[in-house]
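Asker: Okay, sequence plus prediction incoming.
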Amino acid sequence: MSLRLKDVVKEYPDFKLRIDLRVNKGELVTILGPSGCGKTTTLRVIAGFITPDKGNIFVSDRSIEHLPPHKRQIGIVFQDYALFPNLNVLDNIAFGLKMQRVKRILREAKARKLLKLVHLKDYGGRKISQLSGGEQQRVALARALATEPRLLLLDEPLSALDAKLRKGLRGEIRRIQRELAITTLYITHDQEEALALSDRIAVMRNGKIEQVGSPQEIYNEPANLFVAGFIGQANILEGTVRSIERRYALFNTALGDIRVPAPRSCYPGRKMHLFFRPENCTIRNSTPAGNKGNYIRGVVAGIEYLGEIMQLEVVSWNSRFILRLRGCPPLAAGDQVVFSIKADNCRLLPATR
């Protein structure tokens with residue numbers, strides 16, 4: 001089942017939500033953004049807990065915005081799981097089926113099947129208080145799936161867990177989502193989580209979606225400075241387009257000219273920002289004769305050892321850059337370095353945020 005939010009608007013005195021988004025059948029789309037940007041409000045509008053002022057919500061081309069929550073056939077996993085402490089694990093999972101007046105023998109059979117799916121086969125008789133946070137998350141997911149919803153909504157389901165457990169459980173969520181081929185909208189502020197889980201990511205800011213694309217597109221080809229800075233670490237350098245030759249532009253900065261692919265919006269004299277990722281930098285022994293190419297001289301201001309990766313902070317005039325390197329030569333703070341960036345690993349972005 002597909003999901004479509006068409007020109008959905010919800011206004012508050014100090015905030016306005018404006019959403020247009022499509023989630024294809026069987027797809028997992030993540031809405032990613034900072035706290036207060038409208039992620040949970042969007043989820044609650046879809047679920048029917050908040051009524052939009054304008055727009056339409058379609059599930060498989062059927063309008064549902066007029067339906068009450070219990071008739072939308074949507075499964076929801078809340079941030080705090082919202083499990084019933086007075087019920088055991090099996091009865092928590094079967095609760096929605098009980099409300100639908102499914103016979104006990106049938107709902108218990110369905111609940112046991114789901115326990116197996118979430119790798120909690122022998123946990124049916126346990127109390128919720130006897131479960132770890134990760135186990136409670138799995139029970140909440142099984143309960144959301146018990147009524148065979150057409151759409152699954154997950155509101156930051158891993159935020160209360162420690163980093164190691166989050167990493168393991170996000171893989172479980174992805175496994176289950178793919179196994180059931182259920183259309184899923186996932187809410188998070190965690191960039192790594194979004195990149196690891198998603199078929200596509202919708203980056204949100206101030207109630208509006210800034211960009212939708214695959215994890216690779218969002219990471220490598222951000223639409224603007226906000227997306228570039230919010231996803232991963234970004235190096236940004238101001239400048240002006242000097243000239244364009246074929247599909248490349250010569251971008252003039254305080255540190256010299258940088259060759260970069262020219263976007264359609266690029267023209268000589270336009271002020272823009274150069275963007276490149278820390279892992280796309282390479283340390284050089286020296287600057288080639290004539291200094292032709294994307295080379296930047298600087299001084300090492302800081303070093304972090306991250307196992308396989310060495311992270312350097314390099315200062316060049318008034319600019320600071322982060323470099324993430326494998327097989328880095330021995331360096332110390334204060335050393336002078338030259339690093340390069342391939343033209344095709346650079347992007348020009350609009351100067352406005």
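Answerer: Thanks, I have the structure now. Numbers count the residues shown, from 1 in each chain.

Asker: quick one: contacts of the host helix or strand of Thr30?
Answerer: Following DSSP states H and E, one finds Thr30 within strand 28-32. Defining contact as C-beta atoms under 8 Å, 6 or more residues apart in numbering, one finds that strand 28-32 is touched by 21, 23, 39, 42-43, 174, 177, 184-191, 193-194, 197-204, 209, 212, 230-231. For glycine as for every other residue, the C-beta is placed from the backbone atoms N, C-alpha and C.

Asker: in its sheet, what does that strand sit against?
Answerer: Strand pairing for strand 28-32, determined by DSSP bridges: strand 183-188 (parallel), strand 200-205 (parallel).

Asker: same for the longest helix along the chain, what does it pack against?
Answerer: Here the longest helix in the chain is taken by residue count, with DSSP state H as the criterion, and it is helix 163-180. Judged by 3 or more C-beta pairs under 8 Å, 6 or more residues apart in numbering; DSSP states H and E, the packing partners of helix 163-180 are helix 133-146, helix 191-197.

Asker: Give me the angle between the strand holding Thr30 and helix 163-180.
Answerer: Between strand 28-32 and helix 163-180, the angle formed by their directions is 140 degrees, by axes from the mean of the first three to the mean of the last three C-alpha atoms, to 10 degrees.

Asker: What would strand 28-32 look like as PDB? C-alpha coordinates only.
Answerer: In PDB, the C-alpha atoms belonging to strand 28-32 read as follows (Å, rounded to 0.1, in the frame of the first residue of the first chain):
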ATOM      1  CA  LEU A  28      10.700   2.400   4.000                       C
ATOM      2  CA  VAL A  29      11.000   6.200   4.000                       C
ATOM      3  CA  THR A  30      12.500   8.100   6.900                       C
ATOM      4  CA  ILE A  31      11.600  11.700   7.900                       C
ATOM      5  CA  LEU A  32      14.900  13.100   9.300                       C
END
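
Asker: Give me the buried positions along that strand.
Answerer: 28-32 (16 or more other C-beta atoms under 10 Å).

Asker: How far does that strand sit from its chain's centre?
Answerer: Strand 28-32 has its C-alpha centroid displaced from the chain centroid by 6 Å (C-alpha atoms, centre = their mean, to the nearest Å).

Asker: For whatever helix or strand comes next after that strand, buried residues please.
Answerer: If you walk from strand 28-32 toward the C-terminus, the next helix or strand you reach (DSSP H and E) is helix 39-47. Taking 16+ other C-beta under 10 Å as the neighbour-count basis, helix 39-47 is seen to contain the buried residues 39-47.

Asker: What is the nearest of those to Gln216?
Answerer: Lys39 (21.8 Å; C-beta to C-beta).

Asker: circling back: redo the buried residues of helix 39-47 as JSON lines? Include pLDDT and distance to Arg247.
Answerer: Below are the buried residues of helix 39-47 laid out as JSON lines (pLDDT from 0 to 100; distance: C-beta to C-beta, whole Å):
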{"residue": "Lys39", "pLDDT": "96", "distance to Arg247": "37"}
{"residue": "Thr40", "pLDDT": "94", "distance to Arg247": "42"}
{"residue": "Thr41", "pLDDT": "96", "distance to Arg247": "41"}
{"residue": "Thr42", "pLDDT": "97", "distance to Arg247": "37"}
{"residue": "Leu43", "pLDDT": "96", "distance to Arg247": "41"}
{"residue": "Arg44", "pLDDT": "95", "distance to Arg247": "45"}
{"residue": "Val45", "pLDDT": "97", "distance to Arg247": "42"}
{"residue": "Ile46", "pLDDT": "97", "distance to Arg247": "41"}
{"residue": "Ala47", "pLDDT": "95", "distance to Arg247": "46"}
